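Colleague: based on what follows, work out the 3D shape:
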Amino acid sequence: MSAPTPGSPGSPGSPGSRGHDAVVVGAGHNGLVAANLLADAGWSVLVLEQQDQVGGAVRSDTEVHPGFVHDTFSAFYPFAAASPVIARLGLEEHGLRWQHPPAPLGHPFPDGGWALVHPDREDTAAGLEAEHPGDGEAWLDLCRTWDRVGGPLLGALLDPFPPVRGGARLLSRLPGAGGLHLVRELLTPAGSFGAQRFGGRGARTLIAGSAGHADIPLDATGSGAFGLIMTMLAQHVGFPVPEGGAGRLTEAMARRLETRGGQVLLGTEVTSIDVEGGRAVAVRTREGERYAAGRAVVADVSAPLLFGRLLDPDDLPARVVRGMSSFELDPATVKVDWALSGPIPWAQAPAVAPGSFHVGDSLAELQGSLAEVAAGGVPQRPFLLAGQMTTTDPTRSPAGTESLWAYTHVPQSVGAAWGRDEVERFGDRVESRLEELAPGFGSRVLARRVLGPRDLQERNASLIGGAVNGGTSQLHQMLVLRPVPGLGRPETGIGGLYLGSSSAHPSGGVHGAPGANAARAALLHHRLHAPVRAGAGVRALLGRAAPDG
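Modeller: This is a model prediction of the structure:
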């Protein structure tokens, strides 16, 4: 995406040019969502991005091997498919095209068996029933429960905290979906959640593996609910990908913003935020430019980056300083990308090829691997999340080949100490796990790239130590405790400054909620504090007609 040179004639912030109503720091998907919503409200918006392309952790590249597209960070987008925020942007009108894999999700076992989520719930149920009688009907019953509460549950999770409207809708649906028994289930750890409903390994492992997308231990409260959400999203909306690469999603957001008059400056690193009289009024860049923000600054950066680097400590409220002293990042990430000369040579191919799959020999091994990371250890047999991208989107590599990735987690303390040799050796460990399930896998590798924690942070400054979730998703740092106790909303304690990244409620995932919540908060505060005529004020604030005169 092209961008004017900062400070050039006619560019925002150059001498003699006007400021903007809002400046957004970071062109990740949350920053672009916020920018679009503010532009839709008629605000002039400028987005500043350190990297040379938009996207943040929603980007793609072609550096692994000629003709192959790999998603640099995230890849599959069930939350985007289910997100009302992203749906309302109408990104298909700006070039976005979704592709769906033959099956959304799978889990291979060492004996050649597979657990699969098919696009049709009846097919999923049939596969689970064949493995363990009764599990098919149990799956359909779980799907019917999701039919009743899934939408309100997602609404309650993604809405600003406290979720008044979403929470009310969820409460109205609970009695018909199991009432307090369902509430108890949602609070049950993932390791026990599946066992309470299913007798076979298939469904249990699908739910537990889906819970492994977050950093919540499988024996901890919250993991069961997350596993349920991810598995049901796979069944109900699938695991779609943008045709041509993850970057096509955020590129469509940027194009939409431009049609609304918004601007994006690339290669522009923000180094500080000016605060005057307790209010954010401008941002400054490494090149020495100052961009005024007349109404709001939205920070699509991680909380440690915002509060620890971009702001003067003297400008921070005491509760934020106190809370950030115990802010906890999520574990570090190691991601391996492969260009394969052919499809994965599975020892036993699945009935239908899954786009995304998990690697863990058993529920016990999966649970042990995640617990080892939580305890500060490096698993000898790491649990993997992986994706067959050409299987999902044929544009990702030449016909007959496969663009593949897998990632796993290691403790922050370990990732910070690893150099290139340690990262590559761990990449070997990851690859050996696939070789066990697909003998001859290594012979099909045309090229490999291993991105360690430092590599991920170099490509996106908010991924501190390779933490891709903006902070742990464990219960002690969620809801009103995110990113620090007492916030839980986009407000930062500094007037006009809003946190719109995954460090804010409701955490990670490509759903746009943190960016949307930040934009809505900025718009609301502006309406509440803007000078209005007495009669017009009633109409503006209550959103309904008031009698004249």
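Colleague: how close does residue 84 get to residue 338?
Modeller: 35 Å (CB to CB, to the nearest Å). Placement of C-beta: from N, CA and C, glycine included.
Colleague: looking at these two, which one has more neighbours?
Modeller: Under the criterion of other CB atoms under 10 Å, the comparison of residue 84 against residue 338 puts residue 338 first, with 27 against 15.
Colleague: how about the more buried one, phi and psi?
Modeller: phi -130, psi 140 (degrees, to the nearest 10).
Colleague: and it, how far from residue 402?
Modeller: Applying CB to CB to residue 338 and residue 402 gives a distance of 8 Å.
Colleague: also residue 390?
Modeller: For residue 390, the distance to residue 402 - CB to CB - is 5 Å.
Colleague: now do residue 448
Modeller: In terms of CB to CB, residue 448 sits 13 Å off from residue 402.
Colleague: where do the contact lists of those two overlap?
Modeller: Here residue 448 and residue 402 share the contacting residues residue 338, scored by CB atoms under 8 Å, 6 or more residues apart in numbering.
Colleague: what is the neighbour count of residue 93?
Modeller: Around residue 93 there are 11 other residues, counting by other CB under 10 Å.
Colleague: show me what contacts residue 32?
Modeller: Residue 32 neighbours (CB under 8 Å, 6+ apart): 24, 47, 54, 250, 253-254, 257, 515.
Colleague: surely residue 274 is in contact with residue 291?
Modeller: No. The pair residue 274 / residue 291 is not scored as a contact, 9.6 Å apart, by CB atoms under 8 Å.
Colleague: tell me which of those two has more neighbours.
Modeller: Between residue 274 and residue 291, residue 291 has the larger neighbour count (other CB under 10 Å), namely 25 against 18.
Colleague: the more buried one: what's it in contact with?
Modeller: 12-13, 19-20, 23, 46, 48, 282-285.
Colleague: and it, what's its pLDDT?
Modeller: Looking at residue 291, its pLDDT is 97.
Colleague: cool, residue 542 as well?
Modeller: 33.
Colleague: which helix in this protein has the most residues?
Modeller: helix 135-158 (DSSP state H).
Colleague: that one packs against which elements?
Modeller: In terms of contacts (3 or more CB pairs under 8 Å, 6 or more residues apart in numbering; DSSP states H and E), helix 135-158 is packed against helix 84-89, helix 121-131, helix 164-173, helix 190-197, helix 201-211, helix 223-236.
Colleague: ok, residues contacting it?
Modeller: Outside helix 135-158, the residues that reach it (CB under 8 Å, 6+ apart) are 82-85, 121-122, 124-126, 128-130, 163, 165-167, 169-170, 172-174, 176-178, 182, 197-200, 202-203, 228-229, 232, 235-236, 506, 511, 513.
Colleague: rewinding a little: which of the helices and strands packed on helix 135-158 sits most buried?
Modeller: Mean neighbour count, computed with mean count of other CB atoms under 10 Å, is highest for helix 201-211 among these, reaching a mean of 27.
Colleague: report the angle between that helix and helix 135-158.
Modeller: Computed by axes from the mean of the first three to the mean of the last three CA atoms, to 10 degrees, the angle separating helix 201-211 from helix 135-158 equals 10 degrees.
Colleague: averaged pLDDT, helix 201-211. What do you get?
Modeller: On average, helix 201-211 scores 96.
Colleague: now do it and helix 223-236, the angle between them.
Modeller: Using the same axes, to 10 degrees: helix 201-211 against helix 223-236 is 110 degrees.
Colleague: next secondary structure element downstream of the helix or strand that contains residue 409?
Modeller: According to DSSP states H and E, residue 409 maps onto strand 402-410. As assigned by DSSP H and E, the chain's next helix or strand after strand 402-410 is helix 412-417.
Colleague: what is the mean pLDDT for that next one?
Modeller: 89.
Colleague: which helices and strands sit right next to that helix?
Modeller: strand 332-340, helix 453-459.
Colleague: mean pLDDT lowest for which of the helices and strands packed on helix 135-158?
Modeller: helix 164-173 - the lowest mean pLDDT of the helices and strands packed on helix 135-158, at a mean of 79.
Colleague: and that helix, what other elements does it pack with?
Modeller: By 3+ CB pairs under 8 Å, 6+ apart, helix 164-173 packs against helix 135-158.
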